[in-house]
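In: Predicted model and sequence follow; I will ask about them next.
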Amino acid sequence: METIADFEIQYSQFLDPAGKPSADIPDLARDADKLVDMYRHMVETRVFDTKAINLQRTGKLGTYASCLGHEATHVGLAAAMQEDDVLAPSYREYGAMLYRGVSMAEILMYWGGDERGSDFAGPRNDFPFCVPIATQCLHSAGAAMAFQMRGEARCAVSVNGDGGTSEGAFYEAMNIAGARKLPVVFMVVNNKWAISVPIELQTATKTLAQKAVAAGIPGIQVDGNDVIAVRHWVERALARARNGDGATLVEAVTYRLSDHTTADDASRYRKKGEVETAWKLEPLIRIRQYLTDIGVWDEKKEQALLAEAATKVDNAVQSYLNTPKQPIEAMFDYMYKELPEFLEEQRDHAIQYGDNDGGHHG
Amino acid sequence: METIADFEIQYSQFLDPAGKPSADIPDLARDADKLVDMYRHMVETRVFDTKAINLQRTGKLGTYASCLGHEATHVGLAAAMQEDDVLAPSYREYGAMLYRGVSMAEILMYWGGDERGSDFAGPRNDFPFCVPIATQCLHSAGAAMAFQMRGEARCAVSVNGDGGTSEGAFYEAMNIAGARKLPVVFMVVNNKWAISVPIELQTATKTLAQKAVAAGIPGIQVDGNDVIAVRHWVERALARARNGDGATLVEAVTYRLSDHTTADDASRYRKKGEVETAWKLEPLIRIRQYLTDIGVWDEKKEQALLAEAATKVDNAVQSYLNTPKQPIEAMFDYMYKELPEFLEEQRDHAIQYGDNDGGHHG
Amino acid sequence: MAEVTLIDAVTMALAWELEHDSRVVVLGEDVGVNGGVFRATAGLQTRFGAERVLDTPLAEGMIAGVAIGMAAQGMIPVPEIQFMGFIYPTVDQIINHAGRLRNRTRGRLSCPMVLRAPYGGGIHAPEHHSESTEALFAHMPGVRVVIPSSPARAYGLLLAAIRDPDPVIFLEPKRIYRLNKQNVEDNGKALPLDVCYTLRQGTDITIVTWGAMTFETLKAVDQLAKSNISCEVIDLATISPIDYETILESVEKTGRLVIVHEAARTCGVGAEVAAIVAEKGLYDLKAPIRRVTGYDVVMPLFRREMDYMPSVSKIVDAVRETLDD
Amino acid sequence: MAEVTLIDAVTMALAWELEHDSRVVVLGEDVGVNGGVFRATAGLQTRFGAERVLDTPLAEGMIAGVAIGMAAQGMIPVPEIQFMGFIYPTVDQIINHAGRLRNRTRGRLSCPMVLRAPYGGGIHAPEHHSESTEALFAHMPGVRVVIPSSPARAYGLLLAAIRDPDPVIFLEPKRIYRLNKQNVEDNGKALPLDVCYTLRQGTDITIVTWGAMTFETLKAVDQLAKSNISCEVIDLATISPIDYETILESVEKTGRLVIVHEAARTCGVGAEVAAIVAEKGLYDLKAPIRRVTGYDVVMPLFRREMDYMPSVSKIVDAVRETLDD
Ligand SMILES: Cc1ncc(C[n+]2csc(CCOP(=O)(O)OP(=O)(O)O)c2C)c(N)n1
Ligand SMILES: Cc1ncc(C[n+]2csc(CCOP(=O)(O)OP(=O)(O)O)c2C)c(N)n1
Ligand SMILES: [Mg+2]
Ligand SMILES: [Mg+2]
């Protein structure tokens, strides 16, 4: 027997749960503006998320998938991207989407049952929410192929969960990305649960990062509650991709502190203790502590930020609630570039039967 | 950064291309009867294969996928299996199927366009030929689940090619096999080509064995032209599986010495030199040499075996050619356990229009 | 006898078969500890153990493929696909294997399995959670497609599906999972597959429908009854193969046919029903056939989903127009 | 002007678009060096380079998904699926993404791509190499399905499909890939999508068909002509959306309709054609509609495949019976 290949999976964390550096911090951790900017987005994301759950509970929003606990992963990955890179999200990466310029009102519209929520005014080339698990991994690979073919220095990033790593599409995407050295980063957000299925039932692997080995691309595991680690390693992966060296898988280990969605009741299948423990690792505290320790943050700034965020969210909610329904014919008018003749009759029929639903929010 | 997981991929060969032991040979290599039995099957398989191509060329068989060069891999894996294990083949593992008791006439029937070719009189529980690439990996995983649930000491083995490792189904099957410690072996026959696509375009990985890392199961690469190595490692993997320790991926490195199928012309896309080099590694020579060296084989036995094989193949061909077509209604009668009423009219219609085709072989 | 909802009846039928046939296994995403996102498998894992009611990794193609492998080796798997919008990764395995295994092995192997999935709109669910694409499966030879529309039929047809020696796609209209209750005796009695169920006898017009649309249809029929219009309502129930004799007999009597389904119109199962009548019952028809269906567009997100769906007034008008023709 | 076969015409159209539109990319299994297993892409990689005509790893779901990603980002991918029997892993991506991307982003992103696949039986191919499942795709909103039946239509419709701003499934009847030659000018002129092509004018009966079945139908029609039966033959060409006006006008004239397709009957596209006529042309019908189709069984292996297929005599008899009704 002869060893013909060997692989190592590394783990990286820069800030421990208490906000103390646990490793040589990278340059970006010395740039207070960058850190504050990310922290600001993390807080806004959480305020938004809390409000959205509230809207759902009061019947003003449909089923909603909370991102509680994922803020560092989501903001970190988006902060690492360049504007003309392309994001192919799953369905709960609000932190990343907001960072990239999707508006809060758009996100609410989506979960409020209105397609206009995916017509982002901001990042026009980003892919919309993607509910069919892991299918978006192929879109990021395809986008990367387009960039590569046109010789553009752009990258694609897709995001999927621990559950998503069980879908064939995830491996197929990594495999072609490896084979063609595509400029793409596969973010795997390991929040330990896929609805009620814990990671241990999902796969026998010790890490999700090692799934990259199957595609011949590098994989790394980072502390997904450490925004510095996430941003640093995604930046490195993107630099590598932009440099023509191909794809990387970045596994961010975090925890879904909420129910899966507002339609779920996680107490049915997971222990309270587990969630309590996870709260101790949550991502906002540690970066705030670090910012405080380096002297760029204080309680006053915190209060100002919270107030600002609340206003921003409230404005978005108002804008969302005030947006009238789309006309009925909208369901026809975007199906094709030009409406095929046979649909005209159906379109007329739909209009004729008018508004047979309250069209309420939620 | 901290290393949190590491993996090694091993390669094993016992007999080098010249038939000389290249490593400590395992027990089975000391059992001359076992070796001769495998060699016999390898020779029979090759004689059969040659004849089948001939039948196709003379219009007596449909498109046929040759197994030239794969004899050690196919016979080795089947020899490692127990009778009540279950094989889920792809479409060219004749060496394995014949070993397990599928008849030559059945294989010819299949490629001669007759479903009865998959109604094996021998291994009644084995899966039939599987053309949709890699779908069979899930069937072996499912079979293994059935055995596990019933507490049976049986295993399933599926076989797919290097090309097949790009399909999501392959990874999905390995992943559930890992997660549930299923008694299954995934044989990957790396014959370097998927029709015209060389392994280098198929994947960026150094080995196919390392794809097992993505599922948290062991993977090993063996010389697929060394029947001893194949049998030894598949036996080990099966013992492990039977012992409740779960799945293994065994990559057998061999070479497709023929065109992809009789409908293919490999000279369009691969160099003659490459094929000539590969011939030097082919699997029959080395085991014959080894058998000769240990004094259990000689030219007389060789000639007798060839003559015997030729007769066996001729008989099978006769039986195949003499088999009349199935009745027309056979296309209806196995669709459901009982023919649904609505199909009766269609069945009558088909019978009424009788035999509108020569029904020739090929 | 218990007053149960449609989804309760599904649970009851699964429990009955798990209890009485050791080959039966329930598998899928979140079906175990969580009891299914709609709770169709609630309590089953506790009762029958995690080896018989098991949570799988998240991969529908895998679930279908593994179920086929199990079925071929003597088990009766009952996989759940969480929503019909996620059923498409199973298509390859269903069409290329489940529906063919018996035929291609000349009966040596077979594939007794029931792939369950909730389907249909009207519950204000997120994107991809409201699809009705039963027609895709109805086009596949060797596969049955069954849709119950009442608690009693859910119970009886699911039992029949599990006992059937061939693969069945069992689609559950989630909009009516909890809409009403019915007395259903948990006696293990199956209902026949491959037949329609006539929900109302009538003389003026035949309405063929299935799933949640039976409710809209019955409401429409009640309304029409006030104008002395007598509708015969046929629940297709087994979508494939279609019991066309019951439909043809009804059309022979009424001379008029309206088909109601939620799926997009083009190449929906309604087309097949219409085609059969245009072939075998043409001379009975006194008026053109009408289809009241979902439009040929993507199911809108929920603020507009009801505008997509066949509604009572759309059905009432189609019936009236057909009678006026 | 060159005398070309249908498959030559496919190659010509691909080359034209690769030449004239830098966004066009051909990808798939064996399409590069090997030029495709049917040689539809022969010579294209040499001419346009391995970046624009590229061999992918073996995974159809990947091919479709990657193509969608490319299309959304400004390319016009033309993926090939080697045989229709292997198209099913793409279903999820096609129905859940390709057909929806424009709609769900309110036009922000779109999916201009053409998924090509050879389809149909009659060439004595192995298992899974002879399927006709166009109906699955015809049921998907937002996706066009186009099937050419002559070299000229292959050229003109493929150009149109590639230029169309929305996704098209382009199915090539492999049985007639090389059956006959036609003069086709390589002038980059597209033919219109969404319309039927009337191949023969006639007065007694309308026959709607597509793909390789146009040949069997024309042979049958020639035979019937000897008995002074005048058939109008309509090639559906765009399977979805269907140009029903041409069909209805023809039926208005002839009063009789036979539909011929190779796919299994139940929920095939023929059902939709029949349903449309039963809805909008009922009063024109002098006789029941007939469908001459593949049976609702798995396509038999090749020793019996011709017994599965619609044949000249089956078509002739169906026409005669319809005229006798
Ligand atoms: C293909 C598919 N199957 C099933 C679902 C239903 N579903 C929605 S989220 C989810 C779990 C996803 O888990 P994971 O990938 O870990 O992401 P997370 O929700 O934890 O962020 C499931 C099963 C789906 N959306 N798509
Ligand atoms: C799903 C699917 N896609 C495409 C094909 C067509 N096809 C048949 S064999 C083959 C190549 C397979 O290569 P590999 O897996 O390496 O097996 P090998 O033929 O070399 O034994 C292809 C593309 C198929 N049979 N199934
Ligand atoms: Mg998760
Ligand atoms: Mg190969």
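Out: Right, received. Where do you want to start? Ligands and ions are numbered 1, 2, ... in the order given.
In: Quick one: neighbours of residue C:73, just the number.
Out: Residue C:73 has 24 neighbouring residues, counting by other CB atoms under 10 Å in any protein chain shown. No exception for glycine: its C-beta is placed from N, CA and C like everyone else's.
In: isn't it right up against residue B:142?
Out: Yes: applying CB atoms under 8 Å, one finds residue C:73 in contact with residue B:142, separated by 7.3 Å.
In: need the helix or strand of chain C with the lowest average pLDDT.
Out: Least confident helix or strand, chain C: strand C:2-4 with a mean of 92, by mean pLDDT, DSSP states H and E.
In: contacting residues around that one?
Out: Residues from elsewhere that reach strand C:2-4 (CB atoms under 8 Å, 6 or more residues apart in numbering or on different chains): C:8, C:12, C:151, C:155, C:181-186.
In: And the next helix or strand past that strand?
Out: For strand C:2-4, the following helix or strand on the C-terminal side (DSSP states H and E) is helix C:6-20.
In: Could you pull out the strands in chain C for me?
Out: C:2-4, C:24-28, C:53-55, C:76-80, C:114-119, C:144-146, C:168-173, C:182-184, C:197-200, C:205-209, C:231-235, C:238-240, C:257-264, C:290-294 (DSSP state E).
In: quick one on the thing from earlier: for the least confident helix or strand of chain C, buried residues please.
Out: residue C:4 (16 or more other CB atoms under 10 Å in any protein chain shown).
In: neighbouring strands for that strand, and are they parallel or not?
Out: When pairing is defined by DSSP bridges, strand C:2-4 lines up against strand C:182-184 (antiparallel).
In: For the partner strand, buried residues please.
Out: C:182, C:184.
In: what's the average pLDDT for it?
Out: Strand C:182-184 shows a mean pLDDT of 96 in the predicted model.
In: still on that earlier bit, any idea which of the contacts of strand C:2-4 has the most stuff around it?
Out: residue C:155 leads the contacts of strand C:2-4 on contacts (other CB under 10 Å) with 30 neighbours.
In: Ligand 4 versus that one, what's the distance?
Out: Per CB to the ion, to the nearest Å, residue C:155 is found 49 Å from ligand 4.
In: now do residue A:47
Out: Taken as CB to the ion, the span from residue A:47 to ligand 4 is 55 Å.
In: where are the low-confidence patches of chain A?
Out: A:356-362 (pLDDT under 70).
In: ok so, going back, looking at the strands of chain C, which is buried most?
Out: Comparing the strands of chain C by mean neighbour count (mean count of other CB atoms under 10 Å in any protein chain shown), strand C:205-209 comes out on top with a mean of 29.
In: Which residues does it contact?
Out: By CB under 8 Å, 6+ apart, strand C:205-209 touches C:196, C:217, C:220-221, C:229-236, C:247, C:250-251, C:253-261, C:270, C:273, C:315, C:319, C:322-323.
In: rerun that using 7 Å as the cut-off
Out: Residues from elsewhere that reach strand C:205-209, judged by CB atoms under 7 Å, 6 or more residues apart in numbering or on different chains: C:217, C:231-236, C:247, C:250-251, C:254, C:256-261, C:273, C:319, C:322-323.
In: Kindly report the same for stretch A:278-290.
Out: Under CB under 7 Å, 6+ apart, the answer for stretch A:278-290 is A:15, A:17-19, A:35, A:39, A:42-43, A:46, A:69, A:71-72, A:225-227, A:255, A:257, A:297.
In: Could you list the alpha-carbon positions for it in PDB?
Out: Extracted C-alpha coordinates of stretch A:278-290, given in PDB (Å, rounded to 0.1, in the frame of the first residue of the first chain):
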ATOM      1  CA  ALA A 278     -25.400  28.100  21.400                       C
ATOM      2  CA  TRP A 279     -26.400  31.500  22.600                       C
ATOM      3  CA  LYS A 280     -23.200  31.800  24.400                       C
ATOM      4  CA  LEU A 281     -21.400  31.700  21.000                       C
ATOM      5  CA  GLU A 282     -23.600  34.100  19.200                       C
ATOM      6  CA  PRO A 283     -21.900  36.500  16.800                       C
ATOM      7  CA  LEU A 284     -22.800  40.000  17.800                       C
ATOM      8  CA  ILE A 285     -21.400  40.000  21.400                       C
ATOM      9  CA  ARG A 286     -17.900  39.100  20.400                       C
ATOM     10  CA  ILE A 287     -17.400  41.700  17.700                       C
ATOM     11  CA  ARG A 288     -19.000  44.400  19.900                       C
ATOM     12  CA  GLN A 289     -16.700  43.400  22.700                       C
ATOM     13  CA  TYR A 290     -13.700  43.600  20.400                       C
END
